[in-house]
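Undergrad: dropping the sequence and predicted coords here.
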Amino acid sequence: MDIVKPYPSPEFRIGDRVSVSSRGGWKRSFPGTISRHPEPVRTLQGDEYFYWVAFDEPQACIDDDDEYVEAQVLGCYLTPLDHPSN
């Protein structure tokens, strides 16, 4: 009998500012904002989350020249951006 472990808590919430890594299939790294609730997914590396990220500017992936304003990105390709101080 397999024991199913619960997913870890999501790292990011709606409205969090993040940097999207070019290692995730984008032509460059860039900033964006988490725009929807995360979706759990099982990967070969283990349990992970897909996050919808709204990009500050349209971005192209490495596969084509189409530009995207929002996409699902695995959490391992996101890093938090510091919040600006008031």
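TA: Ah, there it is. Numbering: from 1, shown residues only.
Undergrad: mind listing what residue 80 touches?
TA: Applying Cβ atoms under 8 Å, 6 or more residues apart in numbering to residue 80 gives the contacts 11, 12, 16, 17, 18, 19. (Glycine included, C-beta is placed from N, CA and C.)
Undergrad: let me fix that: residue 31
TA: If a contact means Cβ under 8 Å, 6+ apart, then residue 31 has 17, 18, 19, 20, 55, 56, 81 as its contacts.
Undergrad: in the helix or strand where the third one lies, what's buried?
TA: Here residue 19 sits within strand 17-20, counting by DSSP states H and E. Residues of strand 17-20 classed as buried by neighbour count (16 or more other Cβ atoms under 10 Å): 17, 18, 20.
Undergrad: each with direction, which strands does that strand pair with?
TA: Partner strands and pairing direction for strand 17-20 (DSSP bridges) are strand 30-34 (antiparallel), strand 78-80 (antiparallel).
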